[in-house]
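> Predicted model, plus sequence, below.
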Amino acid sequence: MRLAMRNRAFFFFSLIMPLAFLFGYAGLFRRFGGEAMLFVLPMVLALTVMGTFWGLSVQLVTFREQGILRRFRVTPVGASAMLGSSLISNYFLTLPTIVIEFYISRSLFHMAGLGNLLSVFILVTIGIVTFASLGLIVASVTNTMQETQIINQIIWFVFLFISGATIPFPMLPRMVQKVAVYLPATYLVSGLQRAMIERTNLSQLGAYLASLIGCALIAFIISAQLFRWEPEAKVPRQAKLWAVAAIIPFLLLGVWENFNGDLQKHAMNNLQTIREPYTLERIEH
Amino acid sequence: MLSGATIEVNNLTKRYGDVEALRGVSFAVNEGEVFGLLGPNGAGKTSTVEILEGLRTPDSGSVSVCGLDPQSSGAEFKYAIGAALQATALPDKMRVEEALDLFGSFYPRHRSTKDLLKRFGLEDKRSAFYAKLSGGQKQRLALAMALVNDPQVVFLDEPTAGLDPQVRHEVYGIIEELKKDKKTVLITTHYIEEAERICDRVAIVDHGKVIALGTPRELKQRSGAVTRISVRLAKPETNGALSSLEGVAECRTEADDYLLYSTRVPRTIVALVKHLEEQNNELVSLEISAPSLEDIFLELTGRRLRD
């Protein structure tokens, strides 16, 4: 089984590497640079991590439609091995991009400090697994490429604009914020920002980590159950409902957040830091 | 269960929506046999094979391969079989040797990629991308992949479809070798010559049912052991005159030929010559053909196999 996973990873490297690269860069250069990097980089990191959501689902559906998965079905490889190997290979593909983003932030944009690297690393790792798994659920539940694209787009936009990855959280209207705390993406962004700016360590991020991990596990298990090898096999209605179950941990967290307002506070603080270091630098010169 | 047959198929039925693909298919394959499912497109051959491979479930009936049920036996079953599907698809950018390595890695025991490349003549294509292979090469790769785990039972669905005669010849060679290795092979095909040539036994399938089963020889004999003699004459004769010749069971006309179906060929020929002399007629050409499975099919269904 291990062998199977390694082999797939090897093969993906020669194919999709350029694409992952491209994505990272695009995200990076869209940013207005400067001393605000500590705030901005996490957003880019989050984007990169969430990018895994796309790659996996499209790949899987393509393979299924082309009849490639079918041939695998004759072999002893099971659904979970297929999914697992996709995840692992995706992970190793995304990591270099992350490293490069860090490097560029540091050297080109003079980011101040590196934040709590361990926290960042763990968040990124779990984040990739979570979002890739969510992508896999979509892939398992949709029937055609078109359907997959559409659903992906919708979810993607939601993640993008509401979580704080593009528009900083405090700048979002209050109503939107209330909804945002139910999304996994929000916690990823927030967690990364806190790790970088406040240098929070792992224990403080416990709730975030737990829900991300919980979500990843549930998503993985569900997508393994729903896994389809053939393009003709249709998905029963209930299956689609199961998919939503993956969001449960975040529903819980969202409710809690709305009462506590913790995330809000941190986000606000972190946003302020953009202005401060700027003025400090000015004075120094 | 007790018969010890390697592959057993009992009364399979399967429908896809309105279409009844299988209407009670039954047969058994013994160890080391090369068994053919011969029939036109849509006869139900692929459905049967896919049920045997575990890719589809029958609506009713049962199958067993090496005593195992494809659906419920899990990994043990998959280790024992190899299959080349009717349409094999692999990622475009996958290299040949990667494909063999990858599929080999799924099994506890597998043949070395090097061996397989050599045996299937793919050595100089080892690093080529799948998309760049020719039809014949892709087919050879599919065969190699089917054998990567050295399975006991091999399923080949239309293995030579669309291949050049030369490549086809090579494939037959490989199947012969499989036989020597005592593998059990099940082939589906719509090529009669193929079935006649490489199969030990053949089941003729049409519209979801097995309409004949036996060795190619048995099947041909079953057609009443008639040999077809096609003659072309200088002057037309009446059918009645020809069909009363010795040994002639039936006489038909087809274009300019008279087709005499005879059970006693030498006598018929002698009688024919005598008759023609008497009638002052001349023999323009004469052709004798042993009955083929095509004839059997025609006889059983009233249609040609090749459409």
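Done, it's in.
> which parts of the stretch 151-285 of chain A sit against chain B?
Residues of the stretch 151-285 of chain A lying near chain B by C-beta under 8 Å from any C-beta of the partner chain: A:E230. No exception for glycine: its C-beta is placed from N, CA and C like everyone else's.
> Low-confidence stretches in the stretch 151-285 of chain A?
A:163-172, A:176-207, A:231-285 (pLDDT under 70).
> pLDDT score assigned to residue 124?
Using chain A. We have a pLDDT of 77 for A:V124.
> nope, chain B please
Looking at B:D124, the pLDDT reads 85.
> Enumerate every residue touching B:K118.
Going by C-beta atoms under 8 Å, 6 or more residues apart in numbering or on different chains, B:K118 touches no other residue.
> Which strand or helix spans B:C251?
Using DSSP states H and E, B:C251 sits in strand B:248-254.
> tell me the mean pLDDT for that strand?
Across strand B:248-254, the per-residue pLDDT values average to 77.
> swap in stretch B:66-77?
On average, stretch B:66-77 scores 84.
> Repeat that for stretch B:200-217.
Computed over stretch B:200-217, the average pLDDT equals 88.
> Then stretch A:127-145?
For stretch A:127-145, mean pLDDT is 75.
> Close to chain A: what parts of the stretch 201-307 of chain B are there?
Counting by C-beta under 8 Å from any C-beta, the stretch 201-307 of chain B has no residue next to chain A.
> Tell me the residue of the stretch 201-307 of chain B that sits nearest chain A?
In the stretch 201-307 of chain B, the residue that lies nearest chain A is B:G208 (19.1 Å; C-beta to the nearest C-beta).
> Would you mind putting the CA coordinates of stretch A:145-164 into CSV?
C-alpha atoms of stretch A:145-164 as CSV (Å, rounded to 0.1, in the frame of the first residue of the first chain):
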residue,chain,number,x,y,z
MET,A,145,-17.1,17.5,-14.8
GLN,A,146,-19.5,20.5,-15.2
GLU,A,147,-21.2,19.8,-12.0
THR,A,148,-17.9,19.6,-10.2
GLN,A,149,-16.7,22.8,-11.7
ILE,A,150,-19.8,24.7,-10.7
ILE,A,151,-19.9,23.4,-7.2
ASN,A,152,-16.2,24.1,-6.8
GLN,A,153,-16.5,27.6,-8.1
ILE,A,154,-19.3,28.4,-5.6
ILE,A,155,-17.5,27.0,-2.6
TRP,A,156,-14.3,28.6,-3.8
PHE,A,157,-15.7,32.0,-4.0
VAL,A,158,-17.3,31.7,-0.6
PHE,A,159,-14.0,30.6,0.9
LEU,A,160,-12.1,33.3,-0.9
PHE,A,161,-14.1,36.3,-0.1
ILE,A,162,-15.7,35.6,3.2
SER,A,163,-12.9,34.0,5.1
GLY,A,164,-10.5,36.8,5.3
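> Apart from its chain neighbours, what residue comes closest to A:S80?
In space, A:S80 comes closest to A:A224 once its chain neighbours are excluded; the distance is 4.4 Å by C-beta to C-beta, 6 or more residues apart in numbering or on different chains.
> Report pLDDT for the nearest residue to B:V65 once chain neighbours are set aside.
Excluding the flanking residues, the one nearest B:V65 by C-beta to C-beta, 6+ apart is B:I7, at 5.3 Å. B:I7 is assigned 88 on the pLDDT scale.
> how about B:I7, phi and psi?
phi -120, psi 130 (degrees, to the nearest 10).
> And stretch B:147-164, what's buried?
B:147-149, B:151-161, B:163 (16 or more other C-beta atoms under 10 Å in any protein chain shown).
> out of those residues, which are inside helices?
Judged by DSSP state H, helices contain none of these.
> show me the residues around A:F53 that make contact.
A:131-132, A:134-135, A:152, A:155-156, A:159.
> cool, A:V129 as well?
Contacts for A:V129 (C-beta under 8 Å, 6+ apart) come out as A:87, A:91, A:216, A:220.
> so which pair among the residues you listed is furthest apart in space?
A:Y91 and A:F220 (13.1 Å; C-beta to C-beta).
> Same drill for these two, tell me which one is more crowded.
Counted by other C-beta atoms under 10 Å in any protein chain shown, A:Y91 and A:F220 do not tie: A:F220 has more neighbours, with 22 against 16.
> Now do the same for the more buried one: helix, strand or coil?
helix (DSSP: H, G, I helix; E, B strand; the rest coil).
> Relative to chain B, how far out is the nearest residue to it once chain neighbours are set aside?
Nearest in space to A:F220, with sequence neighbours left out and distances taken as C-beta to C-beta, 6+ apart, is A:S133 at 4.8 Å. Separation of A:S133 from chain B (C-beta to the nearest C-beta, to the nearest Å): 22 Å.
> burial measure for A:S133, as a count.
Using other C-beta under 10 Å, the number of residues around A:S133 comes to 26.
> and it, helix, strand or coil?
Recorded secondary structure, A:S133: helix (three-state DSSP).
> Verify the contact between it and A:I213 for me.
No - A:S133 is not in contact with A:I213 according to C-beta atoms under 8 Å; the separation is 10.7 Å.
> what about the helices in the stretch 201-307 of chain B?
Ranges of helices in the stretch 201-307 of chain B, per DSSP state H, counting those that start in this stretch, are B:216-222, B:239-243, B:265-278, B:293-301.
> same check, this time on the stretch 1-150 of chain A
Under DSSP H, counting those that start in this stretch, the stretch 1-150 of chain A gives helices at A:2-30, A:37-66, A:68-73, A:79-107, A:117-141, A:145-162.
> Over to the stretch 1-150 of chain B?
Using DSSP H, counting those that start in this stretch, helices in the stretch 1-150 of chain B cover B:45-53, B:74-80, B:96-104, B:113-119, B:135-146.
> Could you export those as JSON lines, including distance to B:G32?
Output for the helices of the stretch 1-150 of chain B, formatted as JSON lines (distance: least, C-beta to C-beta, whole Å):
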{"stretch": "helix B:45-53", "distance to B:G32": "17"}
{"stretch": "helix B:74-80", "distance to B:G32": "15"}
{"stretch": "helix B:96-104", "distance to B:G32": "24"}
{"stretch": "helix B:113-119", "distance to B:G32": "20"}
{"stretch": "helix B:135-146", "distance to B:G32": "17"}
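> Quick check: which of these is nearest to B:C66?
It's helix B:74-80; of the helices of the stretch 1-150 of chain B, that one is closest to B:C66 (C-beta to C-beta) at 5.2 Å.
> would you put the C-alpha positions of that closest one in PDB?
Coordinates of each C-alpha in helix B:74-80 appear next as PDB, following Å, rounded to 0.1, in the frame of the first residue of the first chain:
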ATOM      1  CA  GLY B  74     -11.900  -8.800  -1.800                       C
ATOM      2  CA  ALA B  75      -8.200  -8.800  -2.200                       C
ATOM      3  CA  GLU B  76      -7.700 -12.500  -2.500                       C
ATOM      4  CA  PHE B  77      -9.800 -12.600  -5.700                       C
ATOM      5  CA  LYS B  78      -8.000  -9.600  -7.100                       C
ATOM      6  CA  TYR B  79      -4.600 -11.200  -6.600                       C
ATOM      7  CA  ALA B  80      -5.700 -14.200  -8.600                       C
END
